[in-house]
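Student: dropping a prediction and its sequence here:
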Amino acid sequence: MSFSDFFKSPFSRRSDASSLPSPPPAPEEDVIAPPSEVDFAAILLAAGVTPEQRSKILKAQELLRTLPNETPVPVKRDIVEAAFRAFDVSTQEIVAAASKQIEALRAFTRTGEEHTQRVLAEGNHQITLLESKIAGVKASMDREVAAQALRTRSTLDQINEVQPVLQFFARDGSAPSPLEAHATVSGPGEGSQGESVDVQFDAGR
């Protein structure tokens, strides 16, 4: 087991960078674990710190906590060393175990920081893809609005050319008056300047 197994990425990678990436899944409860929920026993075991070494450190911590704060450090050291000698444990073993445990915890922190940087980089990459996709969609919307405006203008021009013929030959007066064609063309979203496009034409002009 490596320290990387303790971290999970909220992003799913896609091989096709041109396609719209899937939104990241909802973070699981154990993606960001509060410090009280970090499994330090598993972390230290993965780093090669044995349960026996951890036990020695825990006993030293408990013993130090039982000593009064006002006790001079040299006296504390003599008391602790005497207690461990009674269990045939040398201070060198305590120092080695503590050093190994601290280095393992520092390595775990470094791994977490590296993982965080990778997540941030992937997140920024996803944001860039999404922004590019959004810009492309907006450009397509603007083109469609402009195209529909041209179609409407051409259609109204055709209506204005046919309307006089209808009025001239409809002698019974049933022909409608010259058509007042107002065509309102609104885009499906925002226009190129962030506003909807409203185009009106008068067929009688």
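Tutor: Looks like it came in fine.
Student: what is the top helix by length along the chain packed up against?
Tutor: For the chain, the longest helix by residue count, based on DSSP state H, is helix 91-169. Using 3 or more C-beta pairs under 8 Å, 6 or more residues apart in numbering; DSSP states H and E as the contact test, the elements touching helix 91-169 are helix 40-46, helix 51-66, helix 73-86. The way it works is simple: take the backbone N, C-alpha and C, and place the C-beta from them, glycine included.
Student: next one: Asp78 from Thr91, what distance?
Tutor: Distance of Asp78 to Thr91, given as C-beta to C-beta, to the nearest Å: 11 Å.
Student: look up how far Ile43 lies from Thr91.
Tutor: For Thr91 relative to Ile43 (C-beta to C-beta), the value is 25 Å.
Student: so these two - more neighbours on which side?
Tutor: For Thr91 and Ile43, the more surrounded residue by other C-beta atoms under 10 Å is Ile43, and the numbers stand at 19 against 13.
Student: just the pLDDT for the spatially closest residue to that one that is not a sequence neighbour.
Tutor: Leaving aside its sequence neighbours, Ile43 sits nearest to Phe108 (C-beta to C-beta, 6 or more residues apart in numbering; 5.2 Å). Phe108 is assigned a pLDDT of 92 by the prediction.
Student: cool, and Asn69?
Tutor: pLDDT, Asn69: 86.
Student: check which helix or strand covers it.
Tutor: Per DSSP states H and E, Asn69 falls between elements, in no helix or strand.
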